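*Asks:* Sequence first, predicted coordinates after that:
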Amino acid sequence: MVRRLSVRSPRLQRARRPPPSAPPTTAPMDSPSPPPPPPYPPAAAEGGPAADSQAAELPRLTVTQVEQMKVEAKVGEIYRVLFGNAPNANSLMLELWREQHVEYLTRGLKHLGPSFHVLDANRPWLCYWIIHALALLDEIPDDVEDDIVDFLSRCQDKDGGYGGGPGQLPHLATTYAAVNTLVTIGSERALSSVNRDNLYKFMLRMKDTSGAFRMHDGGEIDVRASYTSISVASLVNILDGELAKGVGNYITRCQTYEGGIAGEPYAEAHGGYTFCGLATMILLNEVDKLDLASLIGWVAFRQGVECGFQGRTNKLVDGCYSFWQGAALALTQKLMTVVDEQLKSSYSSKRPPGDDACGTSSSTEAAYYAKFGFDFIEKSNQIGPLFHNIALQQYILLCAQVLDGGLRDKPGKNRDHYHSCYCLSGLSVSQYSAMVDSDACPLPQHVLGPYSNLLEPIHPLYNVVLDKYHTAYEFFSS
Amino acid sequence: MAPSSTSSEASDEWLPPSRRPELADVVPVTQDDGPHPVVAIAYRDEFREVMDYFRALYFAGERSVRALHLTAEVIDLNPGNYTVWHFRRLVLEALDADLREEMDFVDRIAECNPKNYQIWHHKRWLAEKLGPDIANKEHEFTRKILSMDAKNYHAWSHRQWVLQALGGWETELQYCNQLLEEDVFNNSAWNQRYLVITSSPLLGGLAAMRDSEVDYTVGAILAIPQNESPWRYLKGLYKGENNLLMADERISDVCLKVLKHDSTCVFALSLLLDLLQIGLQPSDELKGTIEAIKNSDPEADEAVDADLATAICSILQRCDPLRINYWSWYRTTISSQT
């Protein structure tokens, strides 16, 4: 199904070419069954007005084009095998290799080789990537739960927050990883090990005068810092007006002319930051400050012919964006009322919705903050998925899985725990995105491959397994 | 005078900290991993020993020359250790160290680890202290990094920060031109161009630059219509100015020109759709073009679409099946607005 790029027409075909997937077997809610892909455009139609001059000499391929073609060739090879197979062989190819993934992940939890020293300041992240991935597979080994709680307690700073290892400076990102890990373990011992008073003080210390957060004492300010801080604060119910102040305005300034969100004002729209920014704005109940239609349009265009997502315009596909981009779009399925209002006002005035500073933050009482994350997940999806949920599953299952266990960025790359976590998170998001309710069991046609591929559902604002979220929510609100 | 920030790595043979006379009085502190460690890394001996000595000085808060040397060693072993970088800054301040030398030190590390948050943050800290005099040197450095990977996110962020905080805008538009000549698909360069034309104090801002930028961008689109970057940039030039976007005939013209050669160009169809949504009154030519594309598909709906925007959505649903869900949704927003 994937067509080879002709050397004579070195165009990035991303937008025009049909996806290499079979036509999806499932129609999204409220949409007709998709028609078969159109015939491949003949070469003569490809040149555009400049074709004549380019026909004379073979156009030089740019770095972007060469890299893209290499990836398309590798992915195409894999998909050609799939579509050359008998249907029963397909089902084998499309299987999630649960046992292998569990073995790879469990091993990492216990022992990591010397080359992992470069992640020595990210050990709570290793805990989260592994434990969350195992939770998605519903395979958390209960014999290590207490050991993880003990280890993370050693990473907790006496003045609040968690560092990258015992004795390291507290850092907002490793704090997010540690708290999400503890929530995923979910025992009373795990949840009560978080020193919330000190955590709150740590977060206040990380707040810049602009309202945005810095990662650690004297550290960098960016959208990640705001997300990790607000997500954790919301999750353990310490979010208040003081912490929230100014964050929404900072993130609004990071939405770019493309529609996505950048790491800091004026930088390039990026999938990771787009998820972080959008989720933060929802947790703050200020999402109406973003231009949502342009954000949705930008993310939707990041899914490419490989069926997976790229992180930025004209960059290569990467399995981890299955979550960052996929979950961003999944979040917007519950925001349609806001989107409709924004569209109405933008069509009747020349100002884009993002410019209307009509955020509800100023009137928000502290007590309400913890509810935003809870109410959001209780809300129904108002529309079906905005990305191709079946195609995305195809990319993850066929291109991101490694036979010996673990998942990866793309064919040709090595597996790692980060990609295992975010590929599986993205797989869960795409399996559940066609359902109206967040925890409803997907229909078989929403799950590519055998139904046993189905993972646990997540709370997409925090990226923790939904059941675990509910336990933590109850624990921290009492 | 301030001590040099070079480490003992200059010596021919590496001497473990435990055998160095200058560290003889230091009692190494092992990592407190507990009785049942998880995600335990099998550190090499060298790594473990350097870290143990570093921990001793870090916990003691010793801001000394030997501490500075040791931080360089730890950074060399793991440049992602933000605690070490933070401590190093405290030591540099306490010793009143030569920050230009420090910049050379961090540049050497950055060249081998160009995608590391801590290194770039350290550079920003230094550049802020060194002031506008350092601007051009920083621009040269990011240029060098971008020549190896023209889309390095950290390098671009640093470059943008230096421009805005310390200056050096003079040749930036020219630099964007150069990068786009090399690779017109480089979206980071388009994004940088947007910063320059909106924020450079030398160019008069977006209002002054818009006209010539539209011409430049239309040229890039016509050369390679399948390149998404200039399409997004073109719309960005009219961000928040829907009326001006509608009034500029070059916008709908470029869509029509592209569609003449490639009737399924998603970017052209998508931009036309946006124009119609904000109230563009379609010309006869536009209506005719869309009608022709619609009729060219024998399987197209028989029913006459209520309006042009809906017709474009139908075409997009057909020719962009990967985004069929998105276009189906887009279609519902049309009917809800009219």
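*Replies:* The structure has been received and is ready for your questions.
*Asks:* going forward, measure contacts between C-alpha atoms and count neighbours the same way
*Replies:* Fine.
*Asks:* Quick one: the helices in the stretch 201-350 of chain A, in order.
*Replies:* Taking DSSP state H, counting those that start in this stretch to define them, one finds helices in the stretch 201-350 of chain A at A:223-235, A:241-244, A:247-254, A:271-283, A:292-300, A:321-332, A:336-348.
*Asks:* Using a markdown table, lay out these together with distance to A:Phe116, mean pLDDT and mean neighbour count.
*Replies:* A markdown table is the format used below for these (distance: least, Cα to Cα, whole Å; pLDDT from 0 to 100; neighbours: other Cα atoms under 10 Å in any protein chain shown):
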| stretch | distance to A:Phe116 | mean pLDDT | mean neighbour count |
| --- | --- | --- | --- |
| helix A:223-235 | 23 | 98 | 27 |
| helix A:241-244 | 35 | 96 | 19 |
| helix A:247-254 | 33 | 98 | 23 |
| helix A:271-283 | 23 | 98 | 26 |
| helix A:292-300 | 33 | 98 | 23 |
| helix A:321-332 | 23 | 98 | 27 |
| helix A:336-348 | 43 | 89 | 16 |
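*Asks:* Okay, strands next: where are they in chain B?
*Replies:* B:40-41 (DSSP state E).
*Asks:* Run through it and note the low-pLDDT ranges.
*Replies:* Applying pLDDT under 70 to chain B flags the ranges B:1-12, B:298-306, B:335-338.
*Asks:* rewinding a little: and chain B, which of the helices of the stretch 201-350 of chain A is closest to it?
*Replies:* Between chain B and those, the tightest spacing by Cα to the nearest Cα is seen for helix A:336-348, at 5.2 Å.
*Asks:* Okay, angle between whichever helix or strand comes after the closest one and helix A:271-283 too, please.
*Replies:* Following helix A:336-348 in sequence order, the next helix or strand is helix A:369-378 (DSSP states H and E). Interaxial angle of helix A:369-378 relative to helix A:271-283 (axes from the mean of the first three to the mean of the last three Cα atoms, to 10 degrees): 110 degrees.
*Asks:* CA atoms only for helix A:369-378 - export them in PDB, please.
*Replies:* Written as PDB, here are the backbone C-alpha positions of helix A:369-378 (Å, rounded to 0.1, in the frame of the first residue of the first chain):
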ATOM      1  CA  TYR A 369      -9.000  23.300  41.300                       C
ATOM      2  CA  ALA A 370      -8.800  19.600  42.200                       C
ATOM      3  CA  LYS A 371     -12.200  19.100  40.600                       C
ATOM      4  CA  PHE A 372     -11.100  20.200  37.100                       C
ATOM      5  CA  GLY A 373      -9.100  17.100  36.400                       C
ATOM      6  CA  PHE A 374     -11.900  14.900  37.900                       C
ATOM      7  CA  ASP A 375     -14.800  16.600  36.100                       C
ATOM      8  CA  PHE A 376     -12.900  16.500  32.900                       C
ATOM      9  CA  ILE A 377     -12.600  12.700  32.800                       C
ATOM     10  CA  GLU A 378     -16.200  12.300  33.800                       C
END
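*Asks:* buried set for the top helix by length along chain B?
*Replies:* Longest among the helix segments of chain B by residue count, using DSSP state H, is helix B:205-223. Residues of helix B:205-223 classed as buried by neighbour count (16 or more other Cα atoms under 10 Å in any protein chain shown): B:Leu206, B:Arg210, B:Glu213, B:Val214, B:Thr217, B:Val218, B:Ala220, B:Ile221, B:Leu222, B:Ala223.
*Asks:* out of those residues, which touch chain A?
*Replies:* B:Leu222, B:Ala223 (Cα under 8 Å from any Cα of the partner chain).
*Asks:* what helix or strand does A:Met69 sit in?
*Replies:* helix A:63-84.
*Asks:* What helices and strands are in contact with that helix?
*Replies:* helix A:87-93 (3 or more Cα pairs under 8 Å, 6 or more residues apart in numbering or on different chains; DSSP states H and E).
*Asks:* Which residues does the helix it packs on contact?
*Replies:* A:Leu82, A:Phe83, A:Leu397, A:Leu398, A:Gly449, A:Pro450 (Cα atoms under 8 Å, 6 or more residues apart in numbering or on different chains).
*Asks:* show me the residues around residue 75 that make contact.
*Replies:* If you meant another chain, say so; for now it's chain A. With Cα under 8 Å, 6+ apart, A:Val75 has these contacts: A:Glu306, A:Cys399, A:Pro411.
*Asks:* try chain B instead
*Replies:* B:Asn81, B:Val84, B:Trp85.
*Asks:* how near is the first one to A:Gly108?
*Replies:* Translated: B:Asn81. Separation of B:Asn81 from A:Gly108 (Cα to Cα, to the nearest Å) stands at 21 Å.
*Asks:* How many residues are close by B:Thr198?
*Replies:* 19 (other Cα atoms under 10 Å in any protein chain shown).
*Asks:* Please apply the same query to B:Gln174.
*Replies:* Neighbours around B:Gln174, by other Cα under 10 Å: 12.
*Asks:* if I look at B:Val196, how far off is chain A?
*Replies:* Counting by Cα to the nearest Cα, to the nearest Å, the gap from B:Val196 to chain A is 10 Å.
*Asks:* which non-adjacent residue is nearest that residue?
*Replies:* B:Leu173 (6.5 Å; Cα to Cα, 6 or more residues apart in numbering or on different chains).
*Asks:* State the pLDDT value of the closest residue to A:Leu82 other than its chain neighbours.
*Replies:* Once flanking residues are discounted, A:Leu82 sits nearest to A:Asn90: 6.0 Å by Cα to Cα, 6+ apart. A:Asn90 carries a pLDDT value of 75.
*Asks:* what about A:Asn90, neighbour count?
*Replies:* Count around A:Asn90 with other Cα under 10 Å applied: 16.
*Asks:* do the same with A:Ala440
*Replies:* Residues near A:Ala440, counting by other Cα under 10 Å: 12.
*Asks:* and what of B:Ala292?
*Replies:* 12.
*Asks:* can you pull out the strands in chain A?
*Replies:* Under DSSP E, chain A gives strands at A:111-112, A:407-408, A:415-416, A:458-459, A:464-465.
*Asks:* May I have the strands that pair with the third one, each with its orientation?
*Replies:* So the one you mean is strand A:415-416. Sheet pairing of strand A:415-416 (DSSP bridges) gives strand A:407-408 (antiparallel).
*Asks:* which residues sit against the partner strand?
*Replies:* Here strand A:407-408 has contacts from A:101, A:319-320, A:400-402, A:414-417, A:419-420, A:423, using Cα under 8 Å, 6+ apart.
*Asks:* which among those end up buried?
*Replies:* A:His101, A:Gly319, A:Cys320, A:Ala400, A:Gln401, A:Val402, A:Arg415, A:Asp416, A:His417, A:His419, A:Ser420, A:Cys423.
*Asks:* would JSON lines of these with pLDDT and distance to B:Tyr326 be doable?
*Replies:* Output for the buried ones among the contacts of strand A:407-408, formatted as JSON lines (pLDDT from 0 to 100; distance: Cα to Cα, whole Å):
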{"residue": "A:His101", "pLDDT": "98", "distance to B:Tyr326": "32"}
{"residue": "A:Gly319", "pLDDT": "98", "distance to B:Tyr326": "21"}
{"residue": "A:Cys320", "pLDDT": "98", "distance to B:Tyr326": "21"}
{"residue": "A:Ala400", "pLDDT": "98", "distance to B:Tyr326": "24"}
{"residue": "A:Gln401", "pLDDT": "98", "distance to B:Tyr326": "27"}
{"residue": "A:Val402", "pLDDT": "97", "distance to B:Tyr326": "31"}
{"residue": "A:Arg415", "pLDDT": "98", "distance to B:Tyr326": "31"}
{"residue": "A:Asp416", "pLDDT": "98", "distance to B:Tyr326": "32"}
{"residue": "A:His417", "pLDDT": "98", "distance to B:Tyr326": "31"}
{"residue": "A:His419", "pLDDT": "98", "distance to B:Tyr326": "26"}
{"residue": "A:Ser420", "pLDDT": "98", "distance to B:Tyr326": "27"}
{"residue": "A:Cys423", "pLDDT": "98", "distance to B:Tyr326": "22"}
